[in-house]
Each structure stands twice: as C-alpha cells, then as structure tokens.
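Peer 1: Sequence unavailable; structure follows:
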C-alpha cells in the first residue's frame, strides 16, 4: 500500500513515493521558479494526478508539508513566501482529484518533528522539539506524545521569542529571536559589524558584504575570523537561551537542531548546550539531550510521509 | 458520590469535600506550623482517615495538589519548601488507607489550570495557560486539550525563562524570570533601589526596607510612589515578555494570571497585554485573551477536586 509524502518549500516542491515498509521508493524535485498562486497548486495537483494515473502504483494516502500554516478547520494554507497563498484552498484542490484517499496537510515544523519521530532522532520519544533555523525560525513540538497545534494552528512560532529587553521596533517583522539568530540575522549582524570596522582585512572582505550569507560566516569562523567569531558567539547565546526556555517549559527528552543553518552550525551544539545549561531548570537540563536532525533536507518529506502512513492506520 | 480535593501548600493544608455536583460542601484549613517530613504526611493521612471513618460520607475518589513535583512513575513528591520532601512517598502512604479508592497527586500548577478548566476562567478552552506568580513562578499549561507534564513531570517551570542576556550568576538559584518578576523579586528590586536613593522620602521608608513585601510595593504604586512605579514598570516588561513567549509557543485561547501577586497585580493586566503585544507572534496575539484567575486561593483545591472527579468517571 504505497503512499505519497509531498514537501512544498518556498522555492521547490519535493514529491516522494513511499513503499508500504516506509522506504522512499522515488523522489522528485521541482523548482517553483516564478510560479505563484494557483500555479503552485497546479504543480502539486499535476504531480498527484501523475501518481493516480499510474498503473504501477495504487496510492493509499497522501501527506503534505507546507511552508507556513495549515488551517485545520478550513483546509486552507497560509504560506508567506508563496505569492497569493494567504488563504489558499489546497486541501479542497487535492480532494477534487483524490476522492476517498485520505489527505492531510500540516505545517513544515509539524512535519519535521513527525519525520524525526518516525525515522529520525526522536524515535521512541514522547517529548521532543525540532528547532528549525534557516531563513526563519520555528519549532515542531511533541509534548506528552502529541504534536502541538495550538488553538488556531500557529503553535511553535518560537522565532518570536522575547530574549532581550527592551523591545526594539526592528523586531516587529519577524520577532526578537529570529531577528538575531536566523540565517538572515547572522548575515545582517555581520554586515553591521563590517560596516563599522574600517580597518578589517579578514576573510569577510567588505566588497562582498552586501550579499554576505550565513554560510560564508560559518566558513570564516573555521578560519578564526574575528568578525565571524563575534557574530557566532552572539548567536550561540540566543540559541542557548531559546533552547533553555524550551527545556524549562516542556521538560523534553530531546532538542533536535535542523534547518538550513543546522547544517553548518551543528558544530556549535556543544557550546549551545553549555549556554542553555546556565539558564534552564537544572533538573530538566540534565534530562535532555541535544542532537542534530539526521533527516536533514528530507525531514519535511519524511514527516509528510508519516502523515500519510498514520491516516492509513487511523483514517480521519 | 462525594470526593476529596486536598491542597498542600508551603505553609498550610486545605481539605475540601465536594458533592457529586462538584460543589464544595466543606473546607478546612490546617497550618503546617513547624511540621516537616513524615509529620506533614501524617497530617494529610489523618485528615483522609477522618473522612473515611465518617458515617455521613462515602468518599469515592481523592485528588491531591502538591507544592512542587509529583513524580507520576514513582508516586513520590518533591516539595522544596517542606523539609524532608525531596522524594516523599505520599501516594504509597495514602493508598495504605484508601484501598481501592482512586487517588491522584499532581503539581500545584497542574491543579491550577485544571481548576480553571473545571470551574474557572478556562472552561470550554482546549488551550489555556495559568501563570502562577507568588513567591515563585510556574505555569500550568493545557495544550490541545491536554495538561502538559513533560518527560519527567517538570513541564511548566517558566520561572527559569531566559529574558535578559547576558547570563548573571544571581539567576542560578531560581531562574531569570523569577529573579526579577516574582513576589520576592519585586521586594528585592525595591530594596536595591531604596538602598541607592539616599534622599528618598516616599511611602516606602528606608526603615522598613529590610522586610519590604511586594504587597507594600503595590500599595505604594497606587499612591504614585516613584520607586514603586519604577519597580512595577520593570516587572510589567518581564511579565509581558514571558506572556508573549507563551503566546508565540502555544497559540492559546487564554492566559490566566493567578498566585499571590495576581492578587493585587491584576490591575496591571492591560499593561502586561500591551507589552506582550510588542513581542508576540501577531496573529496569535490577536487570538488570546488575558484574564485573572476567578478561583484565586481556591484554584489548588478545586483542581485537586477535578483530579478526583475525573478518576470517578475514568478510573486509572
């Protein structure tokens, strides 16, 4: 009984066919290019239709991960990086093709922790949190065996965590934690410091500073660049404080670091743990392990697959 | 089918007899005086025995709220303010009396949110958080219909929330948020400011500053005392940031403020909301209401009663 896991990102669509045993039989990637609104919906439904039309497969269930919020009551999706997806009727569009085949759509952060629970580092956990740090920051939270959704499906918006008072208006668009400690925050702080250091002659030359990326900062850190070290140390403090807050609030077994930044920042996990240990409830701190995502870029598609699999066993 | 709700605090024991309809028929308060260790256990079991011996009542179920952590696997209790209760076998002691009558022990913060869910401000909520601010700070958290316990029953330790970097060693004993914004934190900051203001002649005279309490600071605030205003404004900032973090993480329907400080600090709830609104995920912020506990000092005993009631309907 094969099933589909579909991971819609901000720039590409991944479609994976899973075998009954939960293995990925095939996986295709489609860049979104300049698609927007219904064009993105069409790309998804075209791919699903292709599998439904195939003689070889008999798709039993479909799970979809979306880069934003899946509104469970309406079946619509808010995806800030896809133009026209403020309240997109994705569930309805897919159901028009699929008839009685179960379909479930969840936010990417929900899928990440589900993916780790199924095939990654959160297997056998009842309480585990996936910290996704990339362009933005969010968390997939499994507490007492349930993945949290919140009253209106927006739980886990940890990029908005308040970590540094007083409030500054620059936090308004993305939240304090994300402002400082996302991939974009790392690049921004690096640019700010470089603009002040007239005599800087290090790895991160001023001529590239307009387009500087977090990955360049990580590379410069490995070469002991003083600006990179300053930026990363600042970030470790924020990541540690945020980790501590999640530990004190949830008393989890595991914190799992993933997303584009973790990635290269996994080297800092021991330092993040050290910072968190200063702040967190001390008993809970001893009970948690800090790990990296083993699924990496596959976490979304695997989590979407797990949505599909669960609906085969427990139809909604 | 009457049942008992028992609320053990740091200084007193409250025992309430509930009618089948969920009303408190009688309630007795016993100061702990200088009891410690097994003496406190004895006080509890004596009271239970009294009800079990009575001809008038046929106790069907017992719920107990404890000022610390109830370890669900061992049935033991950690209560930092009761000497000798590092790992106290309370469940075992009670069960020796009660035979087949169901008994459940939970932390006070769990009981507070259950009390509000049953008879207070969280009725009909699936997602609500009780912020208990007194000598210490903790939260009872109901998320997606479940009260969170965490992997080892320590969830909700929000007094440890990291809100102000860099870390300072004075946070080590109680956590950053609790250091600044508990009843004790309010008194401490007031003393610090008074010690610096040689020429201060306001409500909070220096001669009382050794023993100053949060309640005196609230009273002075109402008389526009400049020190009290400075202290309370600082606290509102921390309470607002912590509220914002809970809102961004949980997307709840309600935040309920209780404990000894709320109490008099309920007058500041609109200002706390204003501060939280600067920091929190903006959509979640619009979906949450800020309320005071309607159960006040009864929240623990009512929550303990609800534990008992639930076990009548769904025996463990």
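Peer 2: Yep, that arrived. Since this is a predicted model, take the numbers as computed values, not measurements.
Peer 1: Return the distance of residue A:165 relative to residue B:238.
Peer 2: Here the distance between residue A:165 and residue B:238 works out to 8 Å (Cβ to Cβ, to the nearest Å). In short, each C-beta sits where N, CA and C put it, glycine included.
Peer 1: shared neighbours of the two, anything?
Peer 2: Shared contacts of residue A:165 and residue B:238 (Cβ atoms under 8 Å, 6 or more residues apart in numbering or on different chains): residue B:163.
Peer 1: More neighbours: those two, which one.
Peer 2: residue B:238 (25 against 18; other Cβ atoms under 10 Å in any protein chain shown).
Peer 1: Centre of the chain to the helix or strand harbouring that one, how far?
Peer 2: For residue B:238, the host element (DSSP states H and E) is helix B:226-250. Its chain's average C-alpha position is 18 Å from that of helix B:226-250, according to Cα atoms, centre = their mean, to the nearest Å.
Peer 1: Could you do stretch A:300-316 as well?
Peer 2: 18 Å.
Peer 1: What's the mean pLDDT across that stretch?
Peer 2: For stretch A:300-316, the mean per-residue pLDDT is 89.
Peer 1: got it, and stretch A:234-242?
Peer 2: In the prediction, stretch A:234-242 has an average pLDDT of 98.
Peer 1: and for that stretch, what are the contacting residues?
Peer 2: A:131, A:133, A:158, A:161, A:163, A:177, A:180-181, A:185-186, A:189, A:265, A:268, A:271-276, A:278-279, B:162, B:165-166.
Peer 1: what about residue A:241, distance to residue B:50?
Peer 2: 49 Å.
Peer 1: who has more neighbours, these two?
Peer 2: Counted by other Cβ under 10 Å, residue A:241 and residue B:50 do not tie: residue A:241 has more neighbours, with 29 against 12.
Peer 1: Contacts only, for residue A:44.
Peer 2: Contact criterion Cβ under 8 Å, 6+ apart gives A:6, A:8, A:13, A:64, A:90, A:93-94 as the residues in contact with residue A:44.
Peer 1: typed the wrong thing, it's residue A:110
Peer 2: Counted by Cβ under 8 Å, 6+ apart, residue A:110 has contacts A:65, A:70, A:140, A:147, A:149, A:156, A:303.
Peer 1: residues near residue A:84, how many?
Peer 2: Using other Cβ under 10 Å, the number of residues around residue A:84 comes to 14.
Peer 1: Find the residue closest to it in space, skipping its chain neighbours.
Peer 2: residue A:37 (3.0 Å; Cβ to Cβ, 6 or more residues apart in numbering or on different chains).
Peer 1: The one you found touches residue A:85, doesn't it?
Peer 2: Yes. Counting by Cβ atoms under 8 Å, residue A:37 touches residue A:85, with 7.1 Å between them.
Peer 1: tell me the SS of the closest residue to chain B within the stretch 51-200 of chain A?
Peer 2: Per Cβ to the nearest Cβ, the residue of the stretch 51-200 of chain A with the smallest distance to chain B is residue A:150, at 2.7 Å. Counting by DSSP: H, G, I helix; E, B strand; the rest coil, the backbone at residue A:150 sits in coil.
Peer 1: correct me, but it touches residue B:127?
Peer 2: Yes. Contact criterion Cβ under 8 Å: residue A:150 and residue B:127 qualify, at 5.8 Å.
Peer 1: and for those two, which residues touch both?
Peer 2: B:143-144, B:250-252.
Peer 1: surely residue A:178 meets residue A:157?
Peer 2: No. Between residue A:178 and residue A:157 there is no contact under Cβ under 8 Å: 9.3 Å.
Peer 1: Of the shared contacts of residue A:150 and residue B:127, which is the most crowded?
Peer 2: residue B:250 (31 neighbours).
Peer 1: Spit out the contact partners of that one.
Peer 2: Residues near residue B:250 by Cβ under 8 Å, 6+ apart: A:148, A:150, A:155, B:127, B:129, B:141, B:143.
Peer 1: Can you tell me the closest non-neighbouring residue to the residue most central in space within chain A?
Peer 2: Nearest residue to the geometric centre of chain A (Cα atoms, centre = their mean): residue A:132, 4.0 Å. With sequence-adjacent residues excluded and distances taken as Cβ to Cβ, 6+ apart, residue A:132 is closest to residue A:259, at 3.9 Å.
Peer 1: what about the one you found, distance to chain B?
Peer 2: Residue A:259 is 17 Å from chain B, where distance means Cβ to the nearest Cβ, to the nearest Å.
Peer 1: Which pLDDT does the model give that residue?
Peer 2: 95.
Peer 1: Equivalent analysis for the one 3 residues further on, please.
Peer 2: The pLDDT attached to residue A:262 in the predicted structure is 95.
Peer 1: Tell me how many other residues crowd it.
Peer 2: Residue A:262: 22 surrounding residues under other Cβ under 10 Å.
Peer 1: can you check the one 10 residues further on too?
Peer 2: Per other Cβ under 10 Å, the neighbour tally for residue A:272 reads 26.
Peer 1: What score does whichever residue of the stretch 151-300 of chain A sits closest to chain B have for pLDDT?
Peer 2: Residue nearest to chain B within the stretch 151-300 of chain A: residue A:251 (2.7 Å; Cβ to the nearest Cβ). pLDDT, residue A:251: 98.
Peer 1: distance of it from residue B:155?
Peer 2: 5 Å.
Peer 1: Spell out which residues are contacts of both of these two.
Peer 2: The contact sets of residue A:251 and residue B:155 overlap at residue B:149 (Cβ under 8 Å, 6+ apart).
Peer 1: and the contacts of residue B:250, which of them are in strands?
Peer 2: Judged by DSSP state E, strands contain the following of the contacts of residue B:250: B:129, B:141, B:143.
Peer 1: and the last one, what does it touch?
Peer 2: Spelled out, it's residue B:143. Counting by Cβ under 8 Å, 6+ apart, residue B:143 has contacts A:143, A:146, A:148, A:150, A:155, B:127, B:250, B:252.
Peer 1: Not counting its neighbours along the chain, what's nearest it?
Peer 2: Residue B:143 sits nearest to residue A:148 (Cβ to Cβ, 6+ apart), 5.2 Å away.
Peer 1: any idea how chain A splits into domains?
Peer 2: Segmentation of chain A into domains, based on automatic domain parsing, reads A:3-108+A:297-313, A:121-293.
Peer 1: Nearest residue to the residue of the stretch 51-200 of chain A closest to chain B in space, please, no chain neighbours.
Peer 2: residue B:251 (2.7 Å).
Peer 1: Quick check: phi and psi on that neighbour?
Peer 2: Main-chain torsions, residue B:251, degrees, to the nearest 10: phi 50, psi 60.
Peer 1: count of neighbours near residue A:303?
Peer 2: If you count neighbours by other Cβ under 10 Å, residue A:303 ends up with 33.
Peer 1: Output the set of residues of the stretch 201-316 of chain A in proximity to chain B.
Peer 2: A:237-238, A:241-242, A:244-246, A:248-253, A:275, A:278-281, A:283-284, A:287 (Cβ under 8 Å from any Cβ of the partner chain).
Peer 1: Apply 7 Å and report the result again.
Peer 2: Within the stretch 201-316 of chain A, the positions lying close to chain B (Cβ under 7 Å from any Cβ of the partner chain) are A:237, A:241, A:244-245, A:248-253, A:278-281, A:283-284, A:287.
Peer 1: Which parts of chain A are strands?
Peer 2: A:3-8, A:12-18, A:24-31, A:62-66, A:69-70, A:77-78, A:103-107, A:128-133, A:137-143, A:146-147, A:254-258, A:289-292.
Peer 1: can you tell me the average pLDDT over stretch A:193-207?
Peer 2: Averaged across stretch A:193-207, the pLDDT comes to 82.
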